[in-house]
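> Fold the following.
(one chain, ligands or ions: 2)
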Amino acid sequence: MLTKREELFGGTPDEYLSHKEKYENSTRKAVILFSLLRKIQEENNTDLTNYRNLLSGVLGASISQDGSPFGLHYIMFMPVFMSQADEEQQERWLHRALNCSIIGSYAQTELGHGTFIRGLETTATYDPSTQEFVLHSPTLTSYKWWPGGLGNTANYCIVIAQLYSKGECHGIHSFIVQVRDEDTHMPLPGIKVGEIGVKMGLNAVNNGFIGFENVRIPRTNMLMKHAKILEDGTYVKSKNSKLIYGAMVFVRVVIVFDSVNYLAKAITVATRYSAVRRQSQLKEGEPERQILDYVTQQDKILTAIAGCFAMKMNARMLWDTFNVINDQLHKGNMERLGELHALACCLKAISTSDSSLFTARCRVSCGGHGYMVSSTLPATSALTTASCTYEGDNTVLLLQTARFLLKTWRQIDTGPLTPTVEYLKTVSAPGFSYKWENSIEGIIRGFQIVSMKKISSCLNLMTAKVMSGMSQADAWNTISIQLVSAGESHCRAIVISTFHEDMSKAMRSMSASLAEVMGQLVELYAVYWTLERLGDLLEYTSISGADVVKLRSWYEELLRKIRPNAVGLVDAFDIIDELLQSTLGAYDGRVYERLMEEALKSPLNAEPVNQSFHKYLKPFMQGKL
Ligand SMILES: CCCCCCCCC/C=C/C(=O)SCCNC(=O)CCNC(=O)[C@H](O)C(C)(C)COP(=O)(O)OP(=O)(O)OC[C@H]1O[C@@H](n2cnc3c(N)ncnc32)[C@H](O)[C@@H]1OP(=O)(O)O
Ligand SMILES: Cc1cc2nc3c(=O)[nH]c(=O)nc-3n(C[C@H](O)[C@H](O)[C@H](O)COP(=O)(O)OP(=O)(O)OC[C@H]3O[C@@H](n4cnc5c(N)ncnc54)[C@H](O)[C@@H]3O)c2cc1C
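Ligands and ions are numbered 1, 2, ... in the order given. Below you'll find the predicted structure:
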């Protein structure tokens, strides 16, 4: 009798399964895992607050590096329901979703539109004579494309469609739609649903497509917590049309935590492997060195460790900010919605692009063995690059942050600013003077000044172009590279200052030796990004060449100091081998034995001579083909 653990983690490695077998195997494993999660839910009353903890359980324990066919049910279907459905609808469906007696997906993106959601083509036309909506996909490009779990798993999904009533279009709204019969799982009449095919990664997520041929759903299937359609077809506006976007903000907050989890996996593997792997002699006649002793290796890996701790603290700040503002939204106070959206956008963009960058570095830092699927690094790399796209393409999200920053800068003298942007007032106040200094505080100030000056310069450029006769939209597009850069600088200033402030608070309750190491990580993160963004700092601050020379030696000194604690730092992530799923990163360090064990699982090693020899090779080599 297999234990739960063996059931979950045993069997043929996914990499040797077909696309179809991989899906079936991941569904089998998901059912085991989510039955356990269902028990956790039954023990706690799951609302949005502890929902995120439950969700991080889902994400953190995503047992397959290829994701899970149930992921979207937890990541979007339920959160959207909790934020967009009214009491009666929650009464009707939420409990069934929470105990997984229905499995849902979230269908917003279409073949023809992902970013520009006001351009979505799926329609939901209200028919007052039957009090129903008619859902329709008018074109091929209007087919929903990408929704996770939709291919073969979900029997319900939330569909985002253009709402029409009394001949008028009211823009995009959310609808819950039953996709498959709850008993037979057959697609319901008028519904064409399927799976979109093999992707670069996340091939267990079961991303699907769906098209509607005049499918009728009851009026009460429109999620009506914010906007409503009355029985006679009267449209009742939401207090704020952007509340429908609320779920995307929540998921972006979750994704920041997620990007930390993925990066923690990659650096655990790369760090442990770099401690085991010996290669080359540093000095003639000496034994070969651990590759972690090479400063270039430390440059690749220790900065990733610092980045992981930095983003973890920023994920927590974002979650706390989300909770505060979400409470205000529930009380009808929309004042900080724009700030939350801008913060979630830039942190999602920077956390995922950093995670993707550092994961790719971890992959190459492990040489050939890092290219083995059994190392888990290729799959983690494929995962992190996907996160730069899903839940909003990073470029587009940084432009959203820039839009908010320019709006804030226009109003800089009209009153107090909200917390995440009040530094703009400080560093632009008359009489504010600043001389570069090689210290954490000096670096944070420097990044804040760079951000402020970029925002100010973008606004001046926009104004000048519009004054010269260019349209607002063309001016925006012309300087959009600088707008993205302003959004990134603003975010980096926030990440470094949050890391420094929150870690300083945490260090007060640490032992002196632990506090020392944590302080070194903060410094390493700050100095690394200072060296990475030297161009900006030379353009906008008084940093000098001499300062840069000192920064470089400060950086090398920090690498030397952190090196002895590198393995301890990643062990602190405490990722069990079954979740790490890596021949290079296993806790016991038996890298070579594990590489060989995994190789022997290849079906090509089941027999000494593969049948292709007799069918193809032999006749070929004998000149008979
Ligand atoms: C196990 C595996 C693990 C995997 C774990 C994760 C699995 C992931 C599953 C993936 C799911 C998905 O991808 S679901 C699909 C995700 N799709 C997206 O994120 C689409 C991205 N696109 C958008 O969000 C929008 O199109 C956007 C780019 C913001 C432009 O929208 P608009 O044109 O309506 O907005 P704009 O005209 O630019 O701005 C109008 C105003 O709206 C405001 N606004 C815009 N979006 C807002 C928002 N979300 N919240 C608040 N306010 C918002 C702006 O600040 C402006 O305010 P003012 O300045 O005051 O006017
Ligand atoms: C693994 C994965 C899972 C997903 N899961 C889901 C899901 O469950 N449900 C769902 O609804 N969707 C899902 N998506 C879809 C995802 O939300 C979209 O891919 C994403 O929003 C980007 O849209 P797009 O693919 O149309 O890219 P596009 O918007 O076409 O972007 C392509 C390029 O155009 C640029 N661009 C687009 N608009 C602008 C602009 N205004 N200014 C400047 N540049 C611009 C982008 O920067 C990018 O470089 C998933 C995607 C992936 C990869």
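> What sits closest to Lys348 if chain neighbours are left out?
Excluding the flanking residues, the one nearest Lys348 by Cβ to Cβ, 6 or more residues apart in numbering is Arg252, at 4.0 Å. Placement of C-beta: from N, CA and C, glycine included.
> so what's that neighbour up against?
Arg252 sits next to Ala344, Cys345, Leu347, Lys348, Glu391, Gly392, Leu397 when contact means Cβ atoms under 8 Å, 6 or more residues apart in numbering.
> What is the neighbour count of the first one?
For Ala344, the number of neighbouring residues by other Cβ atoms under 10 Å comes to 28.
> Surely it and Ala247 touch.
No: Ala344 is beyond contact range of Ala247, at 11.4 Å (criterion: Cβ atoms under 8 Å).
> Out of the contacts of Arg252, which are close to ligand 1?
Near ligand 1, judged by Cβ under 6 Å from any ligand atom, the entries from these are Glu391, Gly392.
> who in the stretch 201-350 of the chain is up against ligand 2?
Neighbours of ligand 2 within the stretch 201-350 of the chain, by Cβ under 6 Å from any ligand atom: Leu202, Asn207.
> hmm, I was thinking of the stretch 1-150 of the chain
Contact residues (Cβ under 6 Å from any ligand atom) of the stretch 1-150 of the chain with ligand 2: Leu72, Tyr106, Ala107, Gln108, Thr109, Gly114, Thr115, Trp146, Pro147, Gly148.
> Which among the residues you listed count as buried?
Neighbour counting with 16 or more other Cβ atoms under 10 Å marks Leu72, Tyr106, Ala107, Gln108, Thr109, Gly114, Trp146, Pro147, Gly148 as buried within these.
> wait, which of those is closest to Thr401?
Set against Thr401, the nearest of these by Cβ to Cβ is Gly114 (18.7 Å).
> Excluding sequence neighbours, find me the nearest residue to Thr115.
In space, and not counting its chain neighbours, Thr115 is closest to Val396: 5.0 Å by Cβ to Cβ, 6+ apart.
> still on that earlier bit, quickly note the distance from the residue nearest to Lys348 to ligand 2.
11 Å (Cβ to the nearest ligand atom, to the nearest Å).
> name the element that residue belongs to?
Element membership for Arg252, per DSSP states H and E: helix 246-276.
> any idea which helix or strand comes after that helix?
Remark: after helix 246-276, the chain's next helix or strand is helix 295-330, criterion DSSP H and E.
> List the residues that contact Ile301.
Per Cβ under 8 Å, 6+ apart, neighbours of Ile301: Ile267, Ala270, Thr271, Ser274, Leu292, Arg361, Cys362, Ser365, Ala566.
> Leaving out chain neighbours, which residue sits closest to the last one?
If I follow you right, that is Ala566. Take Ala566 and drop its neighbours on the chain: the residue closest to it by Cβ to Cβ, 6+ apart is Thr271, 5.2 Å away.
> correct me, but the one you found touches Phe573?
No: with contacts counted by Cβ under 8 Å, Thr271 stays clear of Phe573, the gap being 9.9 Å.
> more crowded one of these two?
Neighbour totals were compared for Thr271 and Phe573, and Thr271 leads with 26 against 19 (other Cβ under 10 Å).
> okay, the residue nearest to Val567 when sequence neighbours are not counted: pLDDT?
Among residues not flanking Val567 along the chain, Ala275 sits closest, at 5.2 Å (Cβ to Cβ, 6+ apart). Ala275 is assigned 98 on the pLDDT scale.
> now do Asp413
Per-residue confidence at Asp413 stands at 91 (pLDDT).
> check which helix or strand covers it.
Counting by DSSP H and E, no helix or strand carries Asp413.
> And Ser64, what's its pLDDT?
For Ser64, the model assigns a pLDDT of 64.
> ok, how many other residues are close to Asn206?
Residues within reach of Asn206, counting by other Cβ under 10 Å, total 29.
> coming back round to it: next one: the host helix or strand of the residue nearest to Thr115 to chain centre, how far?
Val396 is part of helix 394-410 when elements are defined by DSSP H and E. Distance of helix 394-410 from its chain centroid, counting by Cα atoms, centre = their mean, to the nearest Å, is 19 Å.
> following it, which helix or strand comes up?
With elements assigned by DSSP H and E, the helix or strand that comes after helix 394-410 is helix 423-428.
> name the helices or strands packed onto that following helix?
Here helix 423-428 touches helix 440-467, going by 3 or more Cβ pairs under 8 Å, 6 or more residues apart in numbering; DSSP states H and E.
> what angle do the helix it packs on and helix 394-410 make?
Interaxial angle of helix 440-467 relative to helix 394-410 (axes from the mean of the first three to the mean of the last three Cα atoms, to 10 degrees): 90 degrees.
> State the pLDDT value of the residue of the stretch 101-250 of the chain found nearest ligand 2.
The stretch 101-250 of the chain approaches ligand 2 most closely through Gly114 (2.2 Å), counting by Cβ to the nearest ligand atom. You'll see Gly114 listed with a pLDDT of 97.
> any idea whether it is helix, strand or coil?
coil (DSSP: H, G, I helix; E, B strand; the rest coil).
> isn't it right up against Glu391?
No: if you go by Cβ under 8 Å, Gly114 and Glu391 don't touch, sitting 10.4 Å apart.
> From the contacts of Ile301, pick the one nearest ligand 2.
Cys362 (20.5 Å).
> Could you figure out how far the helix or strand harbouring Val549 is turned away from helix 295-330?
Per DSSP H and E, Val549 falls inside helix 545-562. Counting by the same axes, to 10 degrees, helix 545-562 points 90 degrees away from the direction of helix 295-330.
> Helix 545-562 - contacts with which helices or strands?
When contacts are defined as 3+ Cβ pairs under 8 Å, 6+ apart, helix 545-562 packs onto helix 295-330, helix 512-532.
> Mind checking the pLDDT average for the helix or strand that that helix is followed by?
The element immediately downstream of helix 545-562 (helix or strand, assigned by DSSP H and E) is helix 566-571. In this model, helix 566-571 has an average pLDDT of 98.
> Spatially central, which residue of the chain would that be?
Against the mean C-alpha coordinate of the chain, by Cα atoms, centre = their mean, the closest residue is Ile255 at 3.4 Å.
> what's the burial count for Thr380?
28.
> Show the contacting residues for Glu231.
Pro128, Gln131, Arg219.
> so how far is ligand 1 from the last one?
Think Arg219. 25 Å.
> With adjacent residues omitted, what lies nearest to that residue?
Arg219's closest residue in space is Gln131 (Cβ to Cβ, 6+ apart), at 4.6 Å.
> residues touching the one you found, list them.
Per Cβ under 8 Å, 6+ apart, neighbours of Gln131: Pro218, Arg219, Glu231.
> how about 10 Å then?
Residues in contact with Gln131 (Cβ atoms under 10 Å, 6 or more residues apart in numbering) are Pro218, Arg219, Thr220, Ile229, Leu230, Glu231, Asp232, Gly233.
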